[in-house]
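J.: Sharing a sequence plus its predicted fold:
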Amino acid sequence: MSIADNIHRINAELAGTAARLCVVTKTHPVEKLEEAYAAGARCFGENRPQEMAAKQPQLPPDVEWHLIGQLQTNKVKLLAPFVHTIQSIDSGKLLREINKHAAANSRVINGLLQFHIAQEETKSGLSLPEAEEMLASEEYRQMQNVRLTGVMGVATFTHDEAQLRREFQQLRSYFEHLKATYFADDDAFRDISMGMSGDYPLAVAEGSTLVRVGSAIFGSR
């Protein structure tokens, strides 16, 4: 199957659901990204800021760049001129840095709060109390250049469907709680980014609005 075939197949599967596709392009050369673009993909997810900053000028300006990997505060400035969404906000310190660099570029950058939902300690993310402390703070209320648009989580790497469903349900419940408590009047807060190549159909069934798919499109590296 070609890259285009895979993208068309996944988009057909997502038709009629709340979810859209974010193509995970990390480690793939620009030629493959151009194939994905030609097949209609516009949301590209990268893990590494340097790699994203190198690829961005080589692709059309209507690409929606999403950073999906962990982001160190000292790398925010690389992305601030163009990044659409940072999906991996896992601290108040990072949120503050994004707001600062977005302001310096006269932009508003979208962000997702990343929650720890997996059974694996190596995965990063916020707990619900940590997120609430951030959202309730006066500092957050003053931020003009970062717009929180939802939540993100990385499930455990497992074939246990029941466990995956529990983790996806947990993230959805966090989203619903935050939406009701902090974003009730904010239409922009609407994304639940969950599900990857191995588990996205389950994630979509549990309410994902954004699936991050790489190897099911490009093949395994």
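T.: Here it is on my side, so go on.

J.: What is the subsequent helix or strand relative to the lengthiest helix in the chain?
T.: Longest helix in the chain by number of residues (criterion: DSSP state H): helix 161-182. Scanning forward in sequence from helix 161-182 by DSSP states H and E, the next helix or strand is strand 191-193.

J.: Give me the contact list for the helix or strand following that following strand.
T.: Proceeding N to C from strand 191-193, the next assigned helix or strand is helix 200-205, under DSSP H and E. With contact meaning C-beta atoms under 8 Å, 6 or more residues apart in numbering, helix 200-205 is reached by 10, 13-14, 17-19, 155, 161, 164-165, 168, 194-196, 208, 211, 213, 216. C-beta: built from backbone N, CA, C; applies to glycine.

J.: After helix 200-205, which helix or strand is next?
T.: strand 210-213.

J.: how distant is that next one from the center of its chain?
T.: 8 Å (C-alpha atoms, centre = their mean, to the nearest Å).

J.: For that strand, name the packing helices and strands.
T.: Secondary-structure packing of strand 210-213 (3 or more C-beta pairs under 8 Å, 6 or more residues apart in numbering; DSSP states H and E): helix 3-14, strand 20-24, strand 191-193, helix 200-205.

J.: Apply 6 Å and report the result again.
T.: strand 20-24 (3 or more C-beta pairs under 6 Å, 6 or more residues apart in numbering; DSSP states H and E).

J.: tell me how far the longest helix of the chain is from the chain's mean position?
T.: On C-alpha atoms, centre = their mean, the centre of helix 161-182 falls 15 Å from that of its chain.

J.: Using neighbour counts, pick out the buried residues of it.
T.: 164, 165, 167, 168, 170, 171, 172, 174, 175, 178, 179, 182 (16 or more other C-beta atoms under 10 Å).

J.: In contact with the third one: list those residues for me.
T.: To tie it back to what came earlier, the one meant is residue 167. By C-beta atoms under 6 Å, 6 or more residues apart in numbering, the residues touching residue 167 are 117, 155.

J.: how far away is it from residue 56?
T.: Distance of residue 167 to residue 56, given as C-beta to C-beta, to the nearest Å: 32 Å.

J.: Then residue 15?
T.: For residue 15 relative to residue 56 (C-beta to C-beta), the value is 29 Å.

J.: Compare neighbour counts for those two and give me the winner.
T.: residue 56 (18 against 8; other C-beta atoms under 10 Å).

J.: how close does the residue nearest to the more buried one when sequence neighbours are not counted get to residue 20?
T.: Leaving aside its sequence neighbours, residue 56 sits nearest to residue 82 (C-beta to C-beta, 6 or more residues apart in numbering; 5.4 Å). For residue 82, the distance to residue 20 (C-beta to C-beta) stands at 20 Å.

J.: what residue is smack in the middle of this protein?
T.: For the chain, the residue nearest the mean C-alpha position is residue 87 (3.5 Å; C-alpha atoms, centre = their mean).

J.: so what's it up against?
T.: By C-beta under 6 Å, 6+ apart, residue 87 lies in contact with 66, 68, 112, 152, 193.

J.: again, only this time at 8 Å
T.: Contacts of residue 87 were listed using C-beta under 8 Å, 6+ apart, and they are 45, 66, 67, 68, 111, 112, 114, 152, 193, 212.

J.: What is the most widely separated pair among those?
T.: By the measure C-beta to C-beta, 111 and 212 form the most distant pair in the contacts of residue 87, at 15.4 Å.
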